[in-house]
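**Q** here's a sequence, model it:
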Amino acid sequence: MPNQSTFHHAKTQRTKTLPYGGIDAVADVISRFGDKVQDDSDGCGEASLIVAVDALRDVMLYLRNNSQCLFSSLMDICGADYPQRNERFDIVYHLLSLAHNMRIRLKVRADSETIVPSLVDIWPAAGWFERECWDMYGIFFSEHPDLRRILTDYGFSGHPLRKDFPLTGYTEVRYNDELARVVHEPVALDTDYRDFDFESPWEAVSDLPARANDKKNSGGQ
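**A** I've put the predicted structure just below:
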């Protein structure tokens, strides 16, 4: 029966190879595609790349088909908005290789006018993820077979996960008794917003020892 030190040694060796499954996929892709990709890996050993829009499909096909990669599963596509940047959006792809037991993250940067190529023909699962990015951020994917909203209602105006989207939205939905149907109307607030105190109530807890000392020094008064 293996002793505890054997298990510890095996765990140490496995941890070193897990991030890339024994293969440095990041260096492999960079050497092949040159300045079209940048290494964005962090110190935790998570493989990450920033990919130019015009090279996205070629990089994805390489990662899926190359025998040293075999990223057969597209796990997720999500977006992030950074309005202070010229290319305000990050489209983030997460891939999984079951054959090599490794994951990789790819980011594409785009502005509101950038057309990002769809990956539906490479991974059919991309269909719903790309619709979410379109619905929430307004990121357009070319050659998508059915690029419609997926989370918001019919007739919804705007893209709610953009940082400049108003908290109240642009329209409100209600049932109209006279028309006997649901109607969309511009937002009309009957009352002004109340002043909101952003101070955390937990900040007062740090003052309790000081208050107790003051009370003790004053004789409990």
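
**Q** which ones are touching Ala110?
**A** Val53, Glu87, Arg88, Phe89, Ile91, Val116, Ile139 (CB atoms under 8 Å, 6 or more residues apart in numbering). Glycine gets a C-beta too; all of them are placed from N, C-alpha and C.

**Q** next one: Pro2, what pLDDT does it get?
**A** Pro2 carries a pLDDT score of 46 in this model.

**Q** which residues of the chain fall in helices?
**A** With helices called from DSSP state H, the chain shows them at 4-17, 25-33, 56-65, 126-137, 208-217.

**Q** how about residues contacting the second one?
**A** Spelled out, that is helix 25-33. So helix 25-33 is contacted by 20, 37-39, 41, 47-49, 55, 58-59, 62-63, 66, 68-69, 102, 104 (CB under 8 Å, 6+ apart).

**Q** same question, the third one
**A** Applying CB under 8 Å, 6+ apart, the contact partners of helix 56-65 are 25, 29, 32-33, 36-37, 49, 51, 69-72, 93, 95, 104, 106, 108, 116-117, 119, 122-123.

**Q** separate out the buried members of the residues you listed.
**A** Buried residues within the contacts of helix 56-65, counting neighbours by 16 or more other CB atoms under 10 Å: 25, 29, 33, 36-37, 49, 51, 69-71, 93, 95, 104, 106, 108, 116-117, 119, 122-123.

**Q** Val120 - how many residues pack around it?
**A** For Val120, the neighbour count with other CB atoms under 10 Å is 19.

**Q** before we move on, what about Tyr175?
**A** Around Tyr175 there are 9 residues (other CB under 10 Å).

**Q** again with Asp54
**A** Neighbour tally, Asp54, other CB under 10 Å: 9.

**Q** which ones are touching it?
**A** So Asp54 contacts Lys36 (CB under 8 Å, 6+ apart).

**Q** also Tyr137?
**A** Gly79, Asp81, Phe89, His159, Leu161, Arg162.

**Q** hey, where'd the strands end up in the protein?
**A** 37-39, 48-51, 73-81, 89-97, 102-110, 115-117, 140-142, 171-176, 181-186 (DSSP state E).

**Q** partners of the first one, with directions?
**A** Paired with strand 37-39 in the same sheet, following DSSP bridges, are strand 48-51 (antiparallel).

**Q** can you give me the offset of the strand it pairs with from its chain's centre?
**A** Its chain's C-alpha centre and that of strand 48-51 lie 14 Å apart, by CA atoms, centre = their mean, to the nearest Å.

**Q** may I have it exported as PDB, CA atoms only?
**A** What follows is strand 48-51 as a C-alpha-only set of coordinates in PDB (Å, rounded to 0.1, in the frame of the first residue of the first chain):
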ATOM      1  CA  SER A  48      -5.100  32.700 -21.400                       C
ATOM      2  CA  LEU A  49      -4.700  34.400 -24.800                       C
ATOM      3  CA  ILE A  50      -5.800  37.700 -26.300                       C
ATOM      4  CA  VAL A  51      -6.700  37.000 -30.000                       C
END
